[in-house]
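Asks: sequence and computational prediction follow.
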Amino acid sequence: NGKYDNTMSRAEAFYLGLRTIREAAGDETFIIGCGCPLGTAIGWADGMRVSCDTGPTWLPEFPLPHWDNGTLPSLRGMLRNTLSRS
């Protein structure tokens with residue numbers, strides 16, 4: 001519901017999705033909203049992960065292709081994501 005329902009905005013569809021998850025999971029289940037819009041999850045998620053994984057180095061130390069250095073655990077990736085969500 002919401003994807004093809006032109007009477008419902010994206011925000012309403014998202015709200016419906018969060019409400020459905022919370023109702024299905026029950027109050028005893030801890031729901032963490034990884035990457036979920038912060039304000040939208042208030043009242044539906046019990047915790048929020050607001051950043052990517054961090055690592056002990058500025059860039060990942062694995063032998064990676066040049067285009068993949070931003071997706072694995074590193075301090076740079078964590079800071080970039082945190083600042084962009086602030």
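Replies: Looks like it came in fine. Numbers count the residues shown, from 1 in each chain.

Asks: could you look up the SS state of Cys36?
Replies: Following DSSP: H, G, I helix; E, B strand; the rest coil, Cys36 is assigned to coil.

Asks: leaving out chain neighbours, which residue sits closest to it?
Replies: Nearest in space to Cys36, with sequence neighbours left out and distances taken as C-beta to C-beta, 6 or more residues apart in numbering, is Ala45 at 6.2 Å. The C-beta positions use only the backbone N, C-alpha and C, and glycine is treated the same way.

Asks: so the one you found, which of the three states?
Replies: State at Ala45, reduced to three classes by three-state DSSP: coil.

Asks: and it, what are its phi and psi?
Replies: The phi and psi torsions at Ala45 (degrees, to the nearest 10) take the values phi -100, psi 150.

Asks: how about the helices in the chain?
Replies: In the chain, the helices defined using DSSP state H lie at 10-25, 75-85.

Asks: quick one on the thing from earlier: which residues does the residue nearest to Cys36 contact?
Replies: Residues in contact with Ala45 (C-beta atoms under 8 Å, 6 or more residues apart in numbering) are 18, 31-33, 36.

Asks: now the nearest residue to Ile21 once chain neighbours are set aside: how far from Leu79?
Replies: Sequence neighbours aside, Ile31 is the residue nearest to Ile21 in space, at 6.7 Å (criterion: C-beta to C-beta, 6+ apart). Separation of Ile31 from Leu79 (C-beta to C-beta, to the nearest Å): 26 Å.

Asks: now swap in Asn6 and tell me
Replies: Asn6 sits 40 Å away from Leu79, going by C-beta to C-beta.

Asks: more neighbours, these two?
Replies: Set Asn6 next to Leu79 and count neighbours by other C-beta atoms under 10 Å: Leu79 wins out with 14 against 6.

Asks: alright, that wraps it up for me.
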